[in-house]
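K.L.:
Any chance you can model this:
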Amino acid sequence: MKKTFLFIIAFLYLTNCFAQEIVERKNRLTDSVIERFYVLKTDRSIKQGSYKAFYQRKTPIALGNYNNGKKIGNWNFYDTKGRLVERYNYDTNTYRFEAQLDTGTNLFFFFDEKIKKDDIVTRPIKVGGIYFGFIPYVSLFQVPFDTFDININLFNAYVELLISPGGRLADYKVHLISAYYQYNHTFNMDISLFSEADRTFLPATLNGEPILSRIFIQCWVTSNGMLNFY
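P.N.:
Numbers count the residues shown, from 1 in each chain. Okay, the predicted model is just below:
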C-alpha cells in the first residue's frame, strides 16, 4: 500500500513537471530594452519561471519570477546604470526598497498644491522603478507622420501622466515639439489601453495626505518615429 502511494505521488509530480515544460522567449520593449523570459510550452501566452530585462543588451533593469503568468516574490528593478532603485514583493504587494530620486533622471514631478517651506512631500511611485516602470507609457506612442525626410533630432517629446490622490492614472498626454519645423502638438492618449497594473501608482503625498500630481518624462524621438528615454 505504501509503495502504491509513493508511486502515485511520483507520477503526479512527473506529470506536473511535464505539464510545466517551458521554452525561452525574447521580446524588444524599446530600441534600448530587450526582455527574456520563459513561457509554458503548452500555452505560450503564459509566463513561467525567471524574467530578465536588459538595457543596451547588458545592463539588467528588471529581475524576477513568474508562476503560471503571475509575478511572484521579490522583483528587483535597476536604473540604466545598473543601480538598484526598487525592490517590490508581489506576494505581499509591498515596496521593500525605494532609492532616493537621482537628480540626473529624465523624470520630473509636479504637485497641484502650494508647497510651503516645512511641508513634507513624497513623489508618486510606480512599481518597476524610475526606468522599467515607465516604459509602457513611452513605448505606446508613435509620431503621426513619416520621418523619412525629417531631421527627427530637431524634435523634443514629453510624456505627461496625471496621477490622482487615489493612485490612479487619470490622464495621459504626449507633447511633441519642434521650433525648427514650427510643430507643437499635444496628443491626448487613451488610458484604457493600459493594464490595471499600469494604471496603478502609489500617490504623491503632502504631509501624509495623498495629493494630485503630474509626472513628465523627457524623451527623444527615434529614427522609426517611436519614443525612448533613459
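
K.L.:
can you list the domains in the chain?
P.N.:
Domain ranges of the chain: 20-99, 102-230, per automatic domain parsing.

K.L.:
would you list the ones you listed in JSON lines and tack on mean neighbour count and mean pLDDT?
P.N.:
Quick note: C-beta positions are derived from backbone N, CA and C, even for glycine. JSON lines is the format used below for those (neighbours: other C-beta atoms under 10 Å; pLDDT from 0 to 100):
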{"stretch": "domain 20-99", "mean neighbour count": "16", "mean pLDDT": "96"}
{"stretch": "domain 102-230", "mean neighbour count": "16", "mean pLDDT": "95"}
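
K.L.:
now the helices for this structure?
P.N.:
Applying DSSP state H to the chain gives helices spanning 2-19, 135-139.

K.L.:
mean pLDDT for those helices: which is lowest?
P.N.:
Least confidently modelled of the helices of the chain is helix 2-19, at a mean of 43 by mean pLDDT.

K.L.:
Wait, I130 touches Y78, no?
P.N.:
No - if you go by C-beta atoms under 8 Å, I130 and Y78 don't touch, sitting 9.8 Å apart.

K.L.:
what touches both of these two?
P.N.:
Each of V85 lies in contact with both I130 and Y78 under the rule C-beta atoms under 8 Å, 6 or more residues apart in numbering.

K.L.:
Chain neighbours aside, what residue packs nearest to the residue most central in space within the chain?
P.N.:
Most central in the chain under C-alpha atoms, centre = their mean is G133, positioned 2.5 Å from the mean C-alpha point. Nearest residue to G133 in three dimensions, chain neighbours excluded: K126, at 3.8 Å (C-beta to C-beta, 6 or more residues apart in numbering).

K.L.:
what's near enough to touch that neighbour?
P.N.:
So K126 contacts 133-134, 201-202 (C-beta under 8 Å, 6+ apart).

K.L.:
Make JSON lines out of these and add distance to P210.
P.N.:
As requested, the contacts of K126 are arranged in JSON lines below (distance: C-beta to C-beta, whole Å):
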{"residue": "G133", "distance to P210": "19"}
{"residue": "F134", "distance to P210": "20"}
{"residue": "F201", "distance to P210": "10"}
{"residue": "L202", "distance to P210": "9"}
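
K.L.:
measure the nearest residue to F229 once chain neighbours are set aside to S139 for me?
P.N.:
Leaving aside its chain neighbours, F229 sits nearest to C219 (4.6 Å; criterion: C-beta to C-beta, 6+ apart). Remark: distance between C219 and S139 (C-beta to C-beta, to the nearest Å) = 10 Å.

K.L.:
Give the residues shared as contacts by these two.
P.N.:
Joint contacts of C219 and S139 (C-beta under 8 Å, 6+ apart) are L227.

K.L.:
Run through the residues that contact the nearest residue to I125 once chain neighbours are set aside.
P.N.:
Using C-beta to C-beta, 6+ apart and skipping the chain neighbours, the partner closest in space to I125 is L202 (4.1 Å). By C-beta under 8 Å, 6+ apart, L202 lies in contact with 95, 124-126, 167.

K.L.:
Brilliant, that's me finished.
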